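Enquirer: Sharing a model that was predicted from the sequence below.
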Amino acid sequence: MSVQNLEFNRNEDTNKLQVSKLEGKLTKVYEGGGKKAIAKQHEKGKLSARERIEFLIDKGSKTIEIGALAGDEMYAEHGGCPSGGVVVVIGYVSGRQCIIVANDATVKAGAWFPITAKKNLRAQEIAMENRLPIIYLVDSAGVYLPLQEEIFADKEHFGRIFRNNAQMSSMGILQISAIMGSCVAGGAYLPIMSDEAMIVEKTGSIFLAGSYLVKAAIGEDIDNETLGGATTHSEISGVTDYKCKDDKDCLNRIRNIMDKVGHENKAGFDRKKPVTPKLDEKEIMGILPETRDKQYDVMEIIKRMVDGSEFEEYKEKYGQSIICGLGRIDGWAVGIVANQRKVVKSKKGEMQFGGVIYSDSADKAARFIMNCNQKKIPLVFLQDVTGFMVGSRSEHGGIIKDGAKMVNAMANSVVPKFTVVMGNSYGAGNYAMCGKAYDPRFMLAWPSAQIAVMGGAQAAKVLLQIEVASLKAKGKEEITKEDEAALLKKITDSYEKSTSPYYAASRLWVDAIINPLDTRKWISMGIEAADNAPILRPYNVGVIQT
């Protein structure tokens with residue numbers, strides 16, 4: 001067996017283990033508050049959040065889940081918050097692509113943690129960007145009071161949800177709400193600010209204050225069902241539009257409504273009949289190195305991702321540390337911007353290190369991004385970047401100017417952008433390659449991803465120097481090599497934990513960690529969603545230094 005085959009096998013084993021770890025985490029997350037909590041839902045005649053979504057969506061259709069790992073390893077002192085206490089799925093209902101938001105009542109009775117609000121806002125952002133209908137399956141006890149100061153008062157907190165309800169309605173984006181459990185206090189506004197609202201008999205209730213609070217506030221004795229149950233709001237107050245006998249009846253009514261909804265004008269992105277890559281997609285697992293410091297040819301990844309393995313490379317011999325070109329993913333025309341991770345030699349004979357953005361690469365990428373906007377072709381960014389090249393030669397060559405040109409072209413794009421972090425995503429390289437701050441429609445990570453200001457080894461050495469200087473300033477005269485080694489390990493371990501894709505996914509810095517073999521599905525469904533939203537402004541980059 002050749003060395004190359006041995007290396008391929010090591011890479012494959014490492015990447016498959018990382019995918020297995022991801023699948024194990026997701027299996028645990030899918031249980032929400034646990035099997036006992038789900039059983040209690042069933043005893044009340046209610047489906048769980050995921051069962052509701054499964055019943056609602058078209059059988060056998062594709063789905064993608066946003067933020068499944070939100071809240072991962074957060075809020076341990078409060079018992080945890082799996083998946084942020086809310087399930088968000090993009091799928092098809094009566095043949096229409098839409099986004100579904102379902103409170104998970106098995107997690108603290110569906111109470112809103114800070115990450116819950118952030119995840120709901122992300123779901124609404126996706127609906128607004130792509131003009132997708134949004135369906136809320138409401139079953140929530142309201143704000144989680146022990147953390148109320150982190151969810152209530154600020155601009156991107158709980159109240160922003162209702163502001164978005166109002167704006168989406170004015171934009172003509174359909175919102176349907178189903179009250180399938182508790183819906184209390186400020187949370188009561190979400191379903192009633194939707195275009196249509198329905199409520200399930202006996203299990204659904206909606207009120208600004210429950211019976212205990214009413215008793216305390218005004219001395220009135222009343223039960224929750226009479227105060228705000230299905231009969232009250234369907235026959236007396238007129239707050240809800242439909243009364244449903246159980247969860248399944250409610251979900252079927254939503255399907256009936258979606259079956260009759262008119263269609264939006266399309267953006268018009270080009271699509272042909274999908275073709276699978278000629279080269280085996282599964283080989284991506286053996287090509288992607290087992291560690292982030294090793295080189296590889298990103299073109300071998302691209303050819304296993306695009307239809308027919310056909311890729312029209314742009315400026316092939318210029319700016320070779322970034323690969324740009326046109327292809328198709330599941331039939332959709334795309335422009336791909338990818339960091340090249342192998343060492344290449346420029347036409348001038350200069351060596352360029354893999355994963356680093358050089359002036360010529362930034363210049364090429366900026367021009368390619370502008371061309372894709374001119375031709376109305378969605379952009380896909382494949383990140384494995386350590387940053388921009390530094391040093392006197394780069395500074396004298398105008399690396400800052402060329403980097404700014406690339407960021408400007410990317411930030412002003414009017415076509416949808418999709419970002420996949422395959423490996424490193426460091427510093428300004430993250431920004432230039434369409435990091436989260438630059439509004440990709442989806443920000444995705446493979447299990448091999450690392451996201452940070454700089455790589456762990458470099459950062460740990462810098463932090464070690466600071467720590468050693470601090471100890472000396474405090475009077476510690478002698479710091480042995482053993483002391484330094486122990487400090488370096490402690491710093492490295494802490495830093496690397498924060499660069500993990502799971503750390504990013506927990507905080508919704510990425511929308512999902514995905515199996516690399518699911519990348520085509522995510523991008524295809526993302527472009528299909530984006531095609532619902534016509535491009536409303538011309539492409540203009542403003543002032544660019546040339």
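Expert: Arrived safely. Note that this is a predicted model, so its numbers are computed, not measured.

Enquirer: if I look at residue 66, how far off is residue 441?
Expert: In this view, residue 66 and residue 441 are 11 Å apart by C-beta to C-beta, to the nearest Å. C-betas here are computed from N, CA, C, even on glycine.

Enquirer: Spell out which residues are contacts of both of the two.
Expert: Jointly contacting residue 66 and residue 441 under the rule C-beta atoms under 8 Å, 6 or more residues apart in numbering are residue 126.

Enquirer: more crowded one of the two?
Expert: Between residue 66 and residue 441, counted using other C-beta atoms under 10 Å, the more crowded position is residue 441 (22 against 19).

Enquirer: got a list of what the more buried one touches?
Expert: 126, 129, 130, 416, 417, 418, 526, 529, 530.

Enquirer: swap in residue 271?
Expert: Counted by C-beta under 8 Å, 6+ apart, residue 271 has contacts 331, 332, 333, 527.

Enquirer: Could you pull up the residues touching the nearest residue to residue 141 once chain neighbours are set aside?
Expert: Excluding its sequence neighbours, the residue lying closest to residue 141 (C-beta to C-beta, 6 or more residues apart in numbering) is residue 109, at 3.9 Å. Residue 109 makes contacts with 140, 141, 182, as judged by C-beta under 8 Å, 6+ apart.

Enquirer: what do you get for residue 226?
Expert: Contacts of residue 226 (C-beta under 8 Å, 6+ apart): residue 232.

Enquirer: For residue 207, see how far away it is.
Expert: 10 Å.

Enquirer: just residue 306 next, same as before
Expert: On the measure of C-beta to C-beta, residue 306 and residue 207 end up 53 Å apart.

Enquirer: and the two? which has more neighbours close in?
Expert: residue 306 (25 against 22).

Enquirer: ok, the closest residue to the more buried one other than its chain neighbours - contacts?
Expert: Leaving out its chain neighbours, the residue that sits closest to residue 306 by C-beta to C-beta, 6+ apart is residue 327, at 3.6 Å. If a contact means C-beta under 8 Å, 6+ apart, then residue 327 has 302, 306, 307, 310, 311, 312, 333, 334, 336 as its contacts.

Enquirer: Now with 7 Å, please.
Expert: 306, 307, 310, 311, 312, 334, 336 (C-beta atoms under 7 Å, 6 or more residues apart in numbering).

Enquirer: show me what contacts the last one?
Expert: Going back to what we said before, that points to residue 336. Counting by C-beta under 7 Å, 6+ apart, residue 336 touches 302, 324, 325, 327, 380, 382.

Enquirer: Neighbours of the residue lying closest to the first one once chain neighbours are set aside, how many?
Expert: Spelled out, that is residue 302. With C-beta to C-beta, 6+ apart as the criterion, residue 302 has its nearest non-adjacent residue at 5.6 Å, and that residue is residue 311. Neighbourhood size, residue 311 [other C-beta under 10 Å]: 18.

Enquirer: Okay, now the unreliable bits of the stretch 1-150 of the chain?
Expert: In the predicted model of the stretch 1-150 of the chain, residues 1-4 satisfy pLDDT under 70.

Enquirer: same question, the chain
Expert: 1-4, 347, 349, 455-464, 477, 483, 546.

Enquirer: biggest helix in it by residues?
Expert: Longest helix in the chain by number of residues (criterion: DSSP state H): helix 3-29.

Enquirer: Please name every helix or strand in contact with it.
Expert: Packing partners of helix 3-29 (3 or more C-beta pairs under 7 Å, 6 or more residues apart in numbering; DSSP states H and E): helix 284-287.

Enquirer: so where do the helices sit in the stretch 101-250 of the chain?
Expert: 114-130, 159-171, 189-192, 211-218, 224-228, 230-231, 247-258 (DSSP state H, counting those that start in this stretch).

Enquirer: Tell me the buried residues in stretch 266-282?
Expert: Applying a neighbour-count criterion of 16 or more other C-beta atoms under 10 Å, one finds 267, 269, 271, 277, 279, 281 buried in stretch 266-282.

Enquirer: any idea how far residue 151 is from residue 514?
Expert: Residue 514 is 28 Å from residue 151, by C-beta to C-beta.

Enquirer: Backbone torsions only: list them for the nearest residue to residue 357 once chain neighbours are set aside.
Expert: Spatially, and ignoring its direct neighbours in sequence, residue 357 is nearest to residue 388 (4.8 Å; C-beta to C-beta, 6+ apart). Torsion angles at residue 388 (phi, psi; degrees, to the nearest 10) stand at phi -90, psi 150.

Enquirer: Residue 192: neighbouring residues, count only.
Expert: Residue 192: 16 neighbours (other C-beta under 10 Å).

Enquirer: Kindly report the same for residue 81.
Expert: Neighbours of residue 81 under the rule other C-beta under 10 Å: 27.

Enquirer: Quick check: it touching residue 113?
Expert: Yes - assessed by C-beta atoms under 7 Å, residue 81 is found in contact with residue 113 at 4.7 Å.
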